[in-house]
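> how would this look folded up:
(2 chains)
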Protein chains: 2
Amino acid sequence: MRGFNFILFNMDIRICQYRPTLGDIEGNLNQVLAQIENQSHDIICFSELFLVGYPSTDAWYGNNAKERIQDAIDAILVKSQSASGLIIFGTPLFDGQYWRNAAVAIANGKIIHQHYKCCLPTYDVFNDMRYFSPGSTVQTFKWKQQTIAMLICEDIWANRISYTYDPVLELKNQGVDIVIHLTASPFEVGKLNQRILQLQRTVKETGASIVSINQVGGYGELIFDGQSMAMTKKGFLIYQGPAFKTCEHDLSQKDTSVVSNACPCEWGERFSAITYGIKEYMAVSGFSKALIGVSGGIDSGVVAALAVAALGPENVMLVTMPTQYNTTDTKSDAIELASRMETKLIHHSIDDLRVCIETDLSNSIGQLSGLTKQNIQARCRGMLLMAISNQTGALLLTTGNKSELAMGYATLYGDMCGGLNPIGDVFKSDVIELAKYINSHYDWIPSSMISRAPSAELTFNQRDDDTLPPYDRLDQILDQTMIKSYTSKRLYELNDKQDVILVLNRLKINEFKRAQSPPILKLSSKSFGQGWQYPVVT
Amino acid sequence: MRGFNFILFNMDIRICQYRPTLGDIEGNLNQVLAQIENQSHDIICFSELFLVGYPSTDAWYGNNAKERIQDAIDAILVKSQSASGLIIFGTPLFDGQYWRNAAVAIANGKIIHQHYKCCLPTYDVFNDMRYFSPGSTVQTFKWKQQTIAMLICEDIWANRISYTYDPVLELKNQGVDIVIHLTASPFEVGKLNQRILQLQRTVKETGASIVSINQVGGYGELIFDGQSMAMTKKGFLIYQGPAFKTCEHDLSQKDTSVVSNACPCEWGERFSAITYGIKEYMAVSGFSKALIGVSGGIDSGVVAALAVAALGPENVMLVTMPTQYNTTDTKSDAIELASRMETKLIHHSIDDLRVCIETDLSNSIGQLSGLTKQNIQARCRGMLLMAISNQTGALLLTTGNKSELAMGYATLYGDMCGGLNPIGDVFKSDVIELAKYINSHYDWIPSSMISRAPSAELTFNQRDDDTLPPYDRLDQILDQTMIKSYTSKRLYELNDKQDVILVLNRLKINEFKRAQSPPILKLSSKSFGQGWQYPVVT
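Numbers count the residues shown, from 1 in each chain, chains lettered A, B, ... in the order given. Okay, the predicted model is just below:
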């Protein structure tokens, strides 16, 4: 008996769940060539647009792209002569008139098949139509007695979004044995299940088994989680690759099924994605140490914990910069946090600096308003943190959550200073849940930080809900408008109308702040960033 | 004799060169309704997507757009019963399956014709495919014995860019009398001539006369200049509307030709566009006064002059914040500039503040590096300017030119603080030319500002060309790579290779700074902003 899996694929297939570098055609090519060297698999496959990385950007599009991509394909053609198997990879391909998002299958020095992505997502963070023209058909081809089809990412999602054409349905009744699905599907909490459902739809409609190779990597706001998959004709998931890790995996004829499930709950998913996003951002931009200003509030506490989880306590530096407006409790919580995580804590009062600026300024422009003074405090902290960042080479992380960013409850050039915002796509209510999740594993965050009423502490006895609805009500409205896209009418039905008016208005008038925000790790189906395209000025 | 123009149009046509508000369907509708009221023209026309404004953003796309747009169209249908003419306007239209960028022609309570934009630009700042599906044909219709066709913006540019289909050629030999061209064409220096050429191509191919209604308005980075046009069948321009102004114009049967030419030279074009962009940004976001930190250098001098030209000296406040590193000359130039323009000048030393921070910080983290100290200076200035902005309600304008932004020669949260960057799409060499242009009209900028070697003056005897190639060489490389899209190979042939390597590398590694830049007024075919889509992290 040849075993269960033999029936499933009839092939040795190597999945290369890799991290391409955006725009670096030559570097990505080298990853392909290194894998082809002396390989003996029947098929070896890479993810969507692997030669340039996903998402597409202007970084590959200009600068002699046609020649550079042709050279890369030529190099693979040459190298393929020393390999016995079929090499499948994604690349932009110029067909003489248009650029295509293509999957190319190469064997023995020849392109034996190619497929052009038919469904080009151009919504939210996706921008495929900026670079490509859609294909209009999907064809099968034979390889080692098997009938193979290649599909690319959104090609299997056509039933979910309004496309003119569904490539999956075209493969119905064509006797396809194996679908090779090249994808680069940005991470979102809960998306894994949707990916599985779409694969199940594909095997059900086509009668084929499917191998789905997903990109892995963090690219500023976008994170790709990998978790490549293989599914039998019956919709049985026999392989799920690791999350947030590069890997090669051989779907051999002898293996039993390997299904990892790295993120069992939504908080675990957020935790893993954020820590990975931090690590990736820093590694790629050349930082090894991170810096966080901790106020004693929950947001900076969670960001500090995430950074420590990502980088280790020795690579995280916390800075506490209290004023007279901070309570004794918040000050001691910052110290307690650092002590529990065993990170370095720099204590730096901003009172002298603040007084120096306020005195200086009021001499020249008169009595300062409350808002001016509050912003000065936040900006003193921003300046100190950036000076420490410049001096130590540590990357400053910002700590604004999604609810605050939505409401503009943040100071430009103050607490918004930094290279990356790890929790800008986490609502305030969810930051608290995330803190509890972290504590269930590490017990780093003082419980008083979690339970304290949110306050910016920029003046005495200030509370966020002095000027905003309480976060449970606020977050519900934000979720309903940003994620669920409810109409204002529906929002009025489900919430206090005055709350809704205040929230929608503040959401709108604060685009100018978000326009200058550092990249925010995307964790949901609608994050502030590339996928949120609202005008600063209307 | 009925006059020359009678032969040209056989119609009274009213051009409404208006400013729609992005996403404000109800407000824009009211502009349409006000014009229809008791009008007696044969045709009255508005620009592309007038009901939602251009560019499309997510601001109209969500929140019950189908119903709101249908309501607006219904209101126009009702109102049209009281008018004798045809009403032509642009709007998103849902055809039951897809959203279309549509031109709608309404008369006597009925939609008598509609056209779907066929060529949907999705490059540079354009994003039409995010919101719309392309039309596949253009049809004519009869109105008052004339054969009319409607085309939208890019529909007449299909010969310039790779589209599957050219709507202008479809109209060949169809006996069209008049083409109504609805457009929203973002301003670029020198683009007017291209627009005229495309209209000439259209009349040549179709044999029709053409009326082109362009949007006007400033929307942060994008500026629309209006300059709507009418051209005879012979390609003779008989009307060109004002630049950077809303207007109604009646192309009557009796008029002689009216061709304004507001911007006779490229410097005049830049000057007009920037001053308009400043005015618009401020008006829409509710500011009446502007604030600029003037260093004595040419960039801040030019921005100050542009702001005074836009807003009047009484609405501009200059702040000079010298340190020991500033030469006596730059200090006196700042004073001279303010005096010539009759603007308020606040003098505010940052030396106390700088020393206070440096002492404080070196006590806690040790001896500060040169870079840290330079950034502290820039950030002290940023903080003071923002405090003055908060206190006075004046909008802070930033003064970084395109060459500096390209090279990352700017301090985040320092000189990059502000709500709008008026000269971020002007190379350093062009800033100097712009200064000369301004002086040819106003004589505001001290000549020593124009002739002095560029320096950030963040330390003694610093010059920009200590670390960058001289600006003439730098700007040539930037122009060749950003605007002309030359390959690196070609750049090496035309420039010093070491310069090219340095420039391309600095251009690439400074995306993180530009990602946090305020909006930059777009003046060229490639500006940092929405049209420049390079990754922060690769």
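
> could you use CA atoms for every contact and neighbour count after this?
Will do.

> so which elements touch the longest helix anywhere in chain A?
Criterion DSSP state H: the longest helix present in chain A is helix A:370-392. In terms of contacts (3 or more CA pairs under 8 Å, 6 or more residues apart in numbering or on different chains; DSSP states H and E), helix A:370-392 is packed against strand A:290-293, helix A:351-365, strand A:395-396, helix B:370-392.

> out of the ones you listed, which gets the lowest mean score?
By mean pLDDT, the lowest-scoring of the helices and strands packed on helix A:370-392 turns out to be helix A:351-365, with a mean of 87.

> say whether chain B is contacted by it.
Yes: Helix A:351-365 reaches chain B (CA under 8 Å from any CA of the partner chain) through A:353, A:356-357, A:361, A:364-365.

> who wins on neighbours among the residues you listed?
With neighbours defined as other CA atoms under 10 Å in any protein chain shown, the most crowded of those is A:I357; it has 24 neighbours.

> ok, that residue - contacts?
A:I357 makes contact with B:L353 under the criterion CA atoms under 8 Å, 6 or more residues apart in numbering or on different chains.

> wasn't A:L468 part of a helix?
No: per DSSP: H, G, I helix; E, B strand; the rest coil, A:L468 lies outside any helix segment and is coil.

> need the contact list for the nearest residue to it once chain neighbours are set aside.
Spatial nearest neighbour of A:L468, chain neighbours left out: A:L474 (7.6 Å); criterion: CA to CA, 6 or more residues apart in numbering or on different chains. Going by CA under 8 Å, 6+ apart, A:L474 touches A:403, A:468, A:499, A:503.

> for the helices and strands packed on helix A:370-392, give me CSV that also has distance to B:I292.
Output for the helices and strands packed on helix A:370-392, formatted as CSV (distance: least, CA to CA, whole Å):
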stretch, distance to B:I292
strand A:290-293, 30
helix A:351-365, 15
strand A:395-396, 28
helix B:370-392, 8
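
> what does the one helix or strand A:R130 maps to contact?
Assigned by DSSP states H and E, A:R130 belongs to helix A:128-131. With CA under 8 Å, 6+ apart as the test, helix A:128-131 has contacts from A:56, A:61, A:99-100, A:120-122, B:122-123, B:127, B:129-130.

> redo these as CSV? Include distance to B:S369.
What follows is these, written out as CSV (distance: CA to CA, whole Å):
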residue, distance to B:S369
A:S56, 38
A:Y61, 39
A:W99, 48
A:R100, 49
A:L120, 49
A:P121, 47
A:T122, 46
B:T122, 45
B:Y123, 43
B:N127, 44
B:M129, 49
B:R130, 47
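
> which one of these sits closest to A:I112?
Ranked by distance to A:I112 (CA to CA), those are led by A:R100 at 17.1 Å.

> please report phi then psi for the closest one.
phi -120, psi 150 (degrees, to the nearest 10).

> need the contact list for it.
Listed by CA under 8 Å, 6+ apart, the contact set of A:R100 reads A:92-94, A:116-117, A:131-135.

> next one: A:F187
Contacts for A:F187 (CA under 8 Å, 6+ apart) come out as A:222-225, A:273, A:522-523.

> just flag the most distant two among those.
Using CA to CA, the contacts of A:F187 reach their maximum pairwise distance at A:D225 and A:K522, which is 12.0 Å.

> more neighbours, the two?
Neighbour count, other CA under 10 Å: between A:D225 and A:K522, A:K522 has more, with 31 against 28.

> which SS state does the more buried one fall under?
coil.

> how about the contacts made by it?
When contacts are counted by CA under 8 Å, 6+ apart, A:K522 touches A:187-188, A:221-223, A:424-425, A:528-529.

> mind checking the SS state of the spatially most central residue of chain A?
The centre of chain A sits closest to A:I223, judged by CA atoms, centre = their mean, with a distance of 2.6 Å. Here A:I223 is recorded as strand under three-state DSSP.

> quick one, what contacts it?
A:186-187, A:216-217, A:273, A:277, A:521-522.

> is it possible to export those to JSON lines including secondary structure?
Formatted as JSON lines, these follow (three-state DSSP):
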{"residue": "A:P186", "secondary structure": "strand"}
{"residue": "A:F187", "secondary structure": "coil"}
{"residue": "A:V216", "secondary structure": "strand"}
{"residue": "A:G217", "secondary structure": "strand"}
{"residue": "A:A273", "secondary structure": "helix"}
{"residue": "A:G277", "secondary structure": "helix"}
{"residue": "A:L521", "secondary structure": "coil"}
{"residue": "A:K522", "secondary structure": "coil"}
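
> which of these count as buried?
A:186-187, A:216-217, A:273, A:277, A:521-522 (16 or more other CA atoms under 10 Å in any protein chain shown).

> hmm, A:K233 is touching A:T202, no?
No: counting by CA atoms under 8 Å, A:K233 does not reach A:T202; the two are 9.2 Å apart.

> of those two, who's got more company?
Per other CA under 10 Å, whichever of A:K233 and A:T202 has more neighbours is A:T202, with 26 against 22.

> just the pLDDT at the more buried one, thanks.
98.

> helix/strand/coil for it?
Once three-state DSSP is applied, A:T202 turns out helix.

> now do the contacts for it.
Residues counted as contacts of A:T202 (CA under 8 Å, 6+ apart) are A:156, A:168, A:208, A:210.

> helices - which of the residues you listed land there?
Short answer: the contacts of A:T202 in helices (DSSP H) are A:V168.

> okay if I get the contacts of A:T202 as TSV plus pLDDT?
Listed next are the contacts of A:T202 as TSV, based on pLDDT from 0 to 100:
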residue	pLDDT
A:I156	97
A:V168	97
A:A208	96
A:I210	96
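
> now for the contacts of A:T202: which two are most distant?
In terms of CA to CA, the contacts of A:T202 reach their longest pairwise distance at A:I156 and A:A208, which sit 13.1 Å apart.

> higher neighbour count, these two?
A:A208 (28 against 23).

> burial of the closest residue to the more buried one other than its chain neighbours, as a residue count?
With sequence-adjacent residues excluded and distances taken as CA to CA, 6+ apart, A:A208 is closest to A:D177, at 4.6 Å. A count of nearby residues for A:D177, using other CA under 10 Å, gives 22.

> so what's A:D177 up against?
Per CA under 8 Å, 6+ apart, neighbours of A:D177: A:9, A:146-148, A:207-209.

> could you redo the last one with a cut-off of 6 Å?
For A:D177, the contact set (CA atoms under 6 Å, 6 or more residues apart in numbering or on different chains) comprises A:146-148, A:208.
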